[in-house]
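In: Any chance you could fold what I've pasted below:
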Amino acid sequence: MSFSHNNTFKILPVTTSQQQELFLDVPKVVYANDPNWVSPLRSSIAKQLSDQNTFLTYGKFQQFIAVSSDNKPVGRVVAAVNQRLIDKEKEQLGLIGYFECINNFEIAQSLLDNASEWLRSHNLKIARGPIDLSTHNNCLFLVDGFDSPPMVMMPYNPPYYPEFWEQYGWEKAKDAYAYNFPLDTPLPPEFAKAYRVACKSGVNFRTLRTKGKEFEADCISLYNLFNTAFADNWSSTPRTQEEFVEEAKDLQGLVDPDVFPVAEYNGEMVGFFMGLPDYNIPLKHVNGKLNLPGILKFLWYKRQIDRGRVIAICSLPEYKRKMVPLALIYLGLQAGIEKGKPYKRAELSWVYEDNFPSRKLIAASGGKIYKTYRIYEKAL
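Out: Prediction:
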């Protein structure tokens, strides 16, 4: 399957290691002059798209690369079948992700043409994206808030990406928000009160354990909580315990336990506040490679981290009456401003626009929307 326009570029399915290297090179071309872009780790993207990815036990995908007439990479995209998502949503739904493209609509159109045709060839009726195989990887386009760099594990893109997709006929499926928390403003007194109420109700709080067998035990508890609390999340599919623990191990050395409190009742984990330092600050300096020079740069610039991202706040429903969510917010944000901690602000991201209970809780704690993201859909 190949596409071309005016002999200035062509679209090719990625079938060789050389083409895979070009595929991985595309972001460097697109963001060459963008001061806010932070390169993802090249090895991480390569691992996601390798034939060793467990995704291939329940799905399939095809990469496409756009190259110029002098064989320079100018765009890329991946079309995917995620059978778990099809089974969950009961729709013939395909995914399009890993989209990157120079500011040229003809190239973007041709990439999306090829990805859409591949999905149609697998009898799919609707395309959704941008989603990189699943929402557990990178997903969403930034549509508002381009004036600052992304936090760790959050998407970033040029403003013309959503414009190109809308011009191609994609329509908004759902928006999501990132909330900004300045840590120099104290929480309302209700949050400290909630912590006291939770403690009197028999709930115990501690930090995540990050070593050895204790870490693995906490990961399994987190996995069970995720699967219970987030089972109905839109466009999301459950991971196996093995997949979850493997992903957690990738983050094990990056966790600051003080901003990752967990709640327990009778020895069982019933809630957590998942905070992570913003490692995009040092990652910006390693150019996507954690080789020896990259590791040294990472360790050097790690000292500059002064903000963090709150990835999730979770509580089993029956413990909301015991004020566990508010208590976890109190502990997580208080830990971020304790003496010796460098954090000046936090971001809570991302929260879907129709998740009104979470949005109400975040607003009550002082969070303000400062970035908006979007997932699109298109009939095939």
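In: Going by C-alpha atoms from here, please, whenever you check contacts or count neighbours.
Out: Fine.
In: Spatially nearest residue to P188, not counting backbone neighbours?
Out: By the measure of Cα to Cα, 6 or more residues apart in numbering, the closest residue to P188 outside its immediate chain neighbours is S365, 6.7 Å from it.
In: make that M153, sorry
Out: Excluding the flanking residues, the one nearest M153 by Cα to Cα, 6+ apart is N138, at 7.3 Å.
In: Show me where the stretch 201-350 of the chain has its helices.
Out: 212-229, 241-251, 280-283, 292-301, 324-336 (DSSP state H, counting those that start in this stretch).
In: Please export the C-alpha coordinates of the longest one as PDB.
Out: Below are the C-alpha coordinates for helix 212-229, written out as PDB (Å, rounded to 0.1, in the frame of the first residue of the first chain):
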ATOM      1  CA  GLY A 212      11.500  -5.700  46.800                       C
ATOM      2  CA  LYS A 213       8.600  -8.000  47.600                       C
ATOM      3  CA  GLU A 214       6.700  -5.100  49.400                       C
ATOM      4  CA  PHE A 215       6.700  -3.100  46.200                       C
ATOM      5  CA  GLU A 216       5.300  -6.100  44.300                       C
ATOM      6  CA  ALA A 217       2.600  -6.700  46.900                       C
ATOM      7  CA  ASP A 218       1.600  -3.000  46.700                       C
ATOM      8  CA  CYS A 219       1.500  -3.200  42.900                       C
ATOM      9  CA  ILE A 220      -0.900  -6.100  43.100                       C
ATOM     10  CA  SER A 221      -3.100  -4.200  45.500                       C
ATOM     11  CA  LEU A 222      -3.000  -1.100  43.100                       C
ATOM     12  CA  TYR A 223      -3.800  -3.400  40.200                       C
ATOM     13  CA  ASN A 224      -6.900  -4.700  42.000                       C
ATOM     14  CA  LEU A 225      -8.000  -1.200  42.900                       C
ATOM     15  CA  PHE A 226      -7.500   0.000  39.300                       C
ATOM     16  CA  ASN A 227      -9.500  -2.800  37.900                       C
ATOM     17  CA  THR A 228     -12.400  -2.200  40.300                       C
ATOM     18  CA  ALA A 229     -12.500   1.600  40.400                       C
END
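In: Give me the contact list for that helix.
Out: 208-209, 238, 241, 244-245, 248, 268-272, 314-317 (Cα atoms under 8 Å, 6 or more residues apart in numbering).
In: Among those residues, which one lies nearest to H122?
Out: Checking those against H122 with Cα to Cα, the nearest one is P238 at 22.9 Å.
In: Let me see the domain layout of this protein.
Out: Per the record, the chain has its domains at 3-175, 185-343, by automatic domain parsing.
In: I am finished for the moment; much appreciated.
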